[in-house]
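Enquirer: Next come a sequence and a model predicted from it.
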Amino acid sequence: CSLYERGHGFVPWDGPTNAPILWMGEGPGYDEAAIGRPFVGAAGSMLERILRRNHLQRGQFRIGNVLQCVPPGLSLEGETYQYTAIDHCRVHREKFLSQGYPQVVLAAGGTALRTLLGLHGMDRIRVEEFHGTVHDDPEGRFKVVPSFHPSYLQRGAHNLIGTVSFDLQLALEVARGQCQPQPLELIIDPPVEWRRAWVEQLEAAARQDPEGIAIACDT
Ligand code: URA
């Protein structure tokens, strides 16, 4: 493992193995390593606060991380060893992701999201760009609901507590089969011709039905 001698502790996943929903964070912190349970420190308090707000309890969920050990500096962001470490822990993740459960994974933060969707190396892909959508696991075993990391909220983004509650409700709906997401297509760096054809097709559709086309775009 690229974190061998650099990582700290070992924190397996927690909660019922047949829980329909898994919260997946990045890697444990020191509190988690001390106790051997994920999300028991500051991030865990925030997670429990979100659950309480939704009249839910921790024991109803499976809770885990992409990594099983504490990465140096508590974060993988920007580190060259992150992909080998994430790959190394695949064996732990796969053991539990391939058993018919969970049905839905709430990806808490960018590392979980990129890992679950197989977007390794695409660090510029952020939760904001995926928020509100539902994705299929590339192997079709479960759905992925992108959400923000409780630590991010804990560190000041308290305004997102309602947003994460919304994501949690969406995950519950998906798990109950009450939400049939429309298929999504992710196109990264499309060729100019592809984009031109896409714009022309949108313009034609908008001419037909000006109220029926919604598009959001940034530079
Ligand atoms: N942050 C995580 O991503 N996971 C934990 O278990 C704790 C903090």
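Expert: Done, it's in.
Enquirer: give the contact list for the residue in the chain that the ligand sits nearest to.
Expert: For the chain, the residue closest to the ligand is residue 25, as judged by C-beta to the nearest ligand atom, at 2.6 Å. All C-beta spots, glycine's among them, are computed from the backbone N, C-alpha and C. Neighbouring residues of residue 25 by C-beta atoms under 8 Å, 6 or more residues apart in numbering: 38-39, 43, 64-66, 108-109, 112, 149-151.
Enquirer: Could you list which of these also contact the ligand?
Expert: Contacts with the ligand are made by 38-39, 43, 65, 151 out of these, judged by C-beta under 6 Å from any ligand atom.
Enquirer: Include pLDDT when you put those into CSV, please.
Expert: Formatted as CSV, those follow (pLDDT from 0 to 100):
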residue, pLDDT
38, 98
39, 98
43, 96
65, 97
151, 96
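Enquirer: Among the residues you listed, which lie within helices?
Expert: Among the ones next to the ligand among the contacts of residue 25, DSSP state H puts 43, 151 in helices.
Enquirer: Which stretches in the chain count as strands?
Expert: Using DSSP state E, the strands of the chain run over residues 21-25, 62-65, 104-108, 135-136, 143-147.
Enquirer: If you average pLDDT over each of those, which is lowest?
Expert: Among the strands of the chain, strand 135-136 carries the lowest mean pLDDT, a mean of 92.
Enquirer: what's that strand in contact with?
Expert: Surrounding strand 135-136, the residues in contact under the criterion C-beta under 8 Å, 6+ apart are 116-117, 143-146, 181, 184.
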